[in-house]
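In: Give me a 3D structure for the following:
(one chain, ligands or ions: 1)
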Amino acid sequence: MPKIIDGKTISAQIKEELKEKVAAMKKGGTSVCLAVIQVGNDPASSVYVNNKKKACAYVGIDSLSYELPENTAQEELLQLIGELNDRKDVNGILVQLPLPGHIDEDAVIRSIDPKKDVDGFHPQSVGALCIGQKGFVSCTPAGIIQLLKRSGIEIAGKECVIIGRSNIVGKPMALLLLKENGTVTVCHSKTKDLKEITRRADILVVAIGKPKMITREYVKAGAVVIDVGIHRNENNKLCGDVDYDDVAPVCSAITPVPGGVGPMTIAMLMNNCVESITLNS
Ligand code: NAD
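Out: Residues are numbered from 1 along each chain as shown. The predicted structure is shown next:
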């Protein structure tokens with residue numbers, strides 16, 4: 001049977017390490033503060049925002065919460081972000097996505113000071129990642145690198161195939177695996193012969209957004225499979241983009257859903273908040 005890559009345990013370890021770091025920083029007179037902005041009251045977003053605030057409290061990061069009504073004007077949101085950009089006591093700014101349709105998400109992301117862009121979505125952060133300079137890295141792919149490293153999985157020289165080319169997962173994932181000296185291929189909805197390409201992968205990262213699409217025909221025997229997808233099936237149970245029961249017997253290591261990639265995203269957000277102090281000093 002494969003090794004189960006335990007995101008719950010690894011994310012808990014990371015949060016413990018950060019808790020110690022934050023306590024030591026506090027002793028030295030430095031505190032960390034994250035401002036979280038939510039526009040509207042989408043229930044899924046509220047759950048994510050609450051989990052982020054809870055994680056901040058656990059690690060010892062101060063959090064400021066801004067809950068704005070659904071009909072907030074874009075200008076009003078940009079003004080708040082401008083104020084938070086100017087505040088010396090705020091180290092990170094997070095705007096929970098998606099935003100209501102009348103607000104231009106790209107304009108909002110661009111308005112965040114790259115020094116406070118703890119989500120790593122600002123074009124400057126993405127550009128820095130692309131050319132190997134310092135900057136914030138998108139939390140989900142950064143978490144996947146931690147999962148691999150802390151599970152003792154070598155990346156250098158490996159055939160790494162990513163399915164999905166989104167700005168928040170697929171593309172930064174490709175850049176991070178490349179930085180770790182993997183040989184990287186990115187597949188997407190227009191890729192021909194998908195199975196042929198994915199069957200070459202030593203490390204297969206799946207971020208498609210289609211429940212259980214990846215079955216064992218897509219996977220080389222002994223591959224490491226990372227499932228980013230998260231869905232509720234017909235019985236209201238969580239599942240990923242990978243058909244876990246079908247794929248697990250043929251691979252060497254796999255992330256479960258839930259308890260794989262999911263918990264890492266918030267742990268890496270906390271990491272980015274703490275890093276904001278060193279990145280900007
Ligand atoms: P997205 O919808 O932005 O991108 C999906 C990508 O999959 C696209 O690039 C598309 O080209 C590709 N794709 C779609 N159909 C395909 C097909 N048939 N064959 C090959 N490629 C195909 O999604 P995303 O934001 O990258 O998220 C992907 C999944 O990961 C979703 O289920 C999302 O909920 C989940 N997610 C989880 C976390 C987490 O913290 N666990 C974070 C972000 C996203």
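In: How about the residues of the stretch 51-200 of the chain by the ligand?
Out: Among all residues of the stretch 51-200 of the chain, those adjacent to the ligand (criterion: CB under 6 Å from any ligand atom) are 140, 163-166, 168-170, 187-189, 191, 194. For every residue, glycine as well, the C-beta is placed using N, CA and C.
In: Buried ones among these?
Out: Burial of these was assessed by neighbour count (16 or more other CB atoms under 10 Å); the buried members are Thr140, Ile163, Gly164, Arg165, Ser166, Ile168, Val169, Gly170, Cys187, Leu194.
In: ok, and the closest non-adjacent residue to the last one?
Out: Residue nearest to Leu194 in three dimensions, not counting chain neighbours: Cys187, with 5.7 Å by CB to CB, 6 or more residues apart in numbering.
In: and that neighbour, bridged to which residues?
Out: Per DSSP bridges, the residues bridged to Cys187 are Ile163.
In: Settle this for me: it is touching Arg199, isn't it.
Out: No - the criterion here is CB atoms under 8 Å, and Cys187 misses it with Arg199 at 11.6 Å.
In: Show me the helices in the chain, by range?
Out: Using DSSP state H, the helices assigned to the chain run over residues 7-27, 43-59, 74-86, 105-111, 123-130, 139-150, 170-179, 194-198, 244-247, 262-279.
In: need the helix or strand of this protein with the lowest average pLDDT.
Out: One helix or strand of the chain scores below all others by mean pLDDT, DSSP states H and E: strand 231-232, with a mean of 92.
In: What are the contacting residues of that one?
Out: Residues outside strand 231-232 that contact it (CB atoms under 8 Å, 6 or more residues apart in numbering) are Pro211, Leu238, Cys239, Gly240, Asp241.
In: Count the residues that sit near the residue nearest to Val169 when sequence neighbours are not counted.
Out: With CB to CB, 6+ apart as the measure, Ala207 is the residue that lies nearest to Val169, at 4.1 Å, once sequence neighbours are left out. Residue crowding around Ala207 was assessed by other CB atoms under 10 Å; the count is 23.
In: Over to the one 10 residues further on?
Out: Using other CB under 10 Å as the criterion, Glu217 is surrounded by 11 other residues.
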